[in-house]
Each structure stands twice: as structure tokens, then as C-alpha cells.
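Visitor: give me a 3D structure for the following:
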Amino acid sequence: MPYEWIKTPAPMVLQLWPYRSLPKRGFVVFIGATALMVLVPLFAVIGSMVLWGLLPFLVLAVGGMYWALDRNYRDAEIIETLTFEPTRLRLTRDGPRGKHQEWEANPHWVRVELYKSSGPVPEYITLKGGPREVELGAFLSEEERVKLADELRRALRDHNSW
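Guide: Coordinates of the predicted model:
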């Protein structure tokens, strides 16, 4: 699961992050294997002018693949942290390129809303309370969002009974 409950003695914390199907090591292996596969056909044209005609396009293809995968990694650098403090609930979202957002509300008034189909993604989770409504875990799968919504409702109920 790309989220984790951190149960420390004082505040309970929930951390969420996007799932990565290709780890950094796999990224390096993929780019290396792609470069090797591109080089194999060039052995037939070594020493001819055809090599110099093909080489820029092949370098561009491998470079483009590297840029696209690297951009995907940077865009998915998201960490959402929900902290249950005694008198407030705080959500911080650290996004790509240093973007930082915060939201907080009194946990007694916070409600977990699960929109089956009317949100930007199916089973869209929001927290209502305080001055605005905020999304949570939009990058999770549908099943994970449903499970998370139930866990959040239970955690809020337990937290409010302190």
C-alpha cells in the first residue's frame, strides 16, 4: 500500500505517496538496456557515413526516453501527511518542484467524504472541515481510496473519543 499509519505515542500520523512501478534501479537498467539495444544495429554500419546519419537520431531517442522517465519521477514526488493532534487535524502536501500546501481544522468537525463518481477520479476522498474541502490520496487506486476512507472514519471516531 502506498500509505502508512505511523502510530507514535502522541500524534497519530498518516503518510501517503504515489506508487512507483519502476524503482530507480530499474530506471537505470532500462535506460542502459535501451542504449545497448540501439547500439547493436550500429555495428553493421561502423566506418561508413550511414553511422553519422543515424547516430543523432538514436541519441535523441535514448535521451528522450531518459527525459520522459525522469520527468515522470519528478512529477510524482508527492508526500501527503495527515497528523492527528489533540485539538487539530493537519494535512500537509509536499508536491513536485518544491510546492508545499497546508490545511488544518478541528478534528471534531472534520468529515470524510467519498464521492463515488462525481469527483475527478472514481471513489474520490475529501476531508471537509474548517474553511475548505481538501482532497486526499487522489493518486491511490480505487480500492485503496475506499479502504483508506473507512480507516480515516475509524481514526477520526477514535480520535474524537479521547
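Visitor: now the helices: where do they sit in this protein?
Guide: 24-39, 49-75, 142-160 (DSSP state H).
Visitor: of those, which is nearest Arg90?
Guide: Put simply, out of the helices of the chain the one that sits nearest Arg90 is helix 142-160, at 12.5 Å, with distance taken as Cβ to Cβ. Every C-beta, even on glycine, is put in place using the N, C-alpha and C of the backbone.
Visitor: returning to what we had before: indicate which one of the helices of the chain is closest to Thr83.
Guide: Each of the helices of the chain has some distance to Thr83 by Cβ to Cβ; the shortest is helix 142-160, at 10.9 Å.
Visitor: output that closest one as PDB, nothing but the C-alphas.
Guide: Output of helix 142-160 as PDB, limited to C-alpha atoms (Å, rounded to 0.1, in the frame of the first residue of the first chain):
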ATOM      1  CA  GLU A 142     -10.000   3.000  -6.300                       C
ATOM      2  CA  GLU A 143      -9.800   0.100  -3.900                       C
ATOM      3  CA  GLU A 144      -7.100   1.800  -1.800                       C
ATOM      4  CA  ARG A 145      -9.200   5.000  -1.600                       C
ATOM      5  CA  VAL A 146     -12.300   3.100  -0.400                       C
ATOM      6  CA  LYS A 147     -10.200   1.300   2.200                       C
ATOM      7  CA  LEU A 148      -8.500   4.500   3.300                       C
ATOM      8  CA  ALA A 149     -11.800   6.300   3.700                       C
ATOM      9  CA  ASP A 150     -13.000   3.600   6.100                       C
ATOM     10  CA  GLU A 151      -9.700   3.800   8.000                       C
ATOM     11  CA  LEU A 152      -9.900   7.600   8.200                       C
ATOM     12  CA  ARG A 153     -13.500   7.500   9.500                       C
ATOM     13  CA  ARG A 154     -12.500   5.000  12.200                       C
ATOM     14  CA  ALA A 155      -9.400   7.000  13.100                       C
ATOM     15  CA  LEU A 156     -11.500  10.200  13.400                       C
ATOM     16  CA  ARG A 157     -14.100   8.500  15.500                       C
ATOM     17  CA  ASP A 158     -11.400   7.100  17.800                       C
ATOM     18  CA  HIS A 159      -9.600  10.400  17.900                       C
ATOM     19  CA  ASN A 160     -12.700  12.300  18.800                       C
END
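Visitor: which residues does that helix contact?
Guide: Applying Cβ atoms under 8 Å, 6 or more residues apart in numbering, the contact partners of helix 142-160 are 1-3, 5, 12, 14, 16, 82, 84, 89, 107-108, 110, 112, 114, 121-125, 127, 136-137, 140.
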